[in-house]
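A.B. asks: Return atomic coordinates for the entry below.
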Amino acid sequence: RGGSSSVILPDSMSELITDPDQEVGMKFISREFNPHEANGLEKEEELASKTVTFSLVDPTTGQDIPVDHLKEEIRVEMPLHIFDDRDSETVDEESISCVYWNKEVEKWLRDGCSHRLDVQGRVVCFCTHLTEFSVVRFHSAVKDSNISQITNVSVVKNLKPENAVGIYIMILLLGLFLLTLAYA
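C.D. replies: So this is what the prediction gives:
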């Protein structure tokens with residue numbers, strides 16, 4: 001599982017350049033880490049790929065040219081970081097998500113992007129704008145705790161009145177037993 005990242009631009013990108021003589025530069029940066037001081041992740045998330053920045057640049061000013069709300073999606077391919085052997089078995093479409101860095105709120109956000117996992121273990125993000133991209137992975141421990149919370153709630157919901165009396169009697173007997181042991 002490794003490899004390089006890539007960005008594939010749709011043909012409709014040419015509509016952004018209205019002057020045929022206008023020169024446009026491109027910036028592509030791929031990092032192995034989260035470059036933002038403000039981590040921008042929820043506590044149950046971690047970055048699971050490189051961060052990939054791709055933008056069009058005005059060569060005269062050096063400023064990024066805003067690209068958003070495209071008709072066709074930009075395709076960003078990134079290899080997943082696999083942390084140990086168990087990870088390769090637990091990574092699926094639901095445990096990951098494509099994200100982009102929003103400078104205004106200093107967070108990784110998901111809107112405007114969708115994804116799929118390809119057979120080589122690469123994540124393919126489809127987005128309608130250019131910015132900095134990555135993939136987040138949701139910790140399985142958080143998923144497991146949510147499952148146990150749901151299970152506990154459904155046990156309480158399924159408690160019928162006729163069963164409740166038996167449970168209360170058992171709790172009372174257990175309490176009496178513990179009191180007897182404490183004073184014996």
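
A.B. asks: Tell me which stretches of the protein form strands.
C.D. replies: Using DSSP state E, the strands of the chain run over 6-8, 25-31, 45-47, 51-57, 64-65, 74-79, 96-102, 107-109, 113-117, 122-127, 132-138.

A.B. asks: where among these is the average confidence lowest?
C.D. replies: For the strands of the chain, the bottom mean pLDDT is recorded on strand 45-47, which sits at a mean of 84.

A.B. asks: Now do that one: which elements does it pack against?
C.D. replies: strand 132-138 (3 or more C-beta pairs under 8 Å, 6 or more residues apart in numbering; DSSP states H and E). No exception for glycine: its C-beta is placed from N, CA and C like everyone else's.

A.B. asks: ok, the strand it packs on: who's next to it in the sheet?
C.D. replies: Sheet pairing of strand 132-138 (DSSP bridges) gives strand 45-47 (antiparallel), strand 51-57 (antiparallel), strand 96-102 (antiparallel).

A.B. asks: Switch the strands of the chain over to a markdown table, and while doing so, append mean neighbour count to every line.
C.D. replies: Shown next, in a markdown table, are the strands of the chain (neighbours: other C-beta atoms under 10 Å):
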| stretch | mean neighbour count |
| --- | --- |
| strand 6-8 | 15 |
| strand 25-31 | 13 |
| strand 45-47 | 18 |
| strand 51-57 | 19 |
| strand 64-65 | 16 |
| strand 74-79 | 20 |
| strand 96-102 | 21 |
| strand 107-109 | 18 |
| strand 113-117 | 16 |
| strand 122-127 | 21 |
| strand 132-138 | 22 |
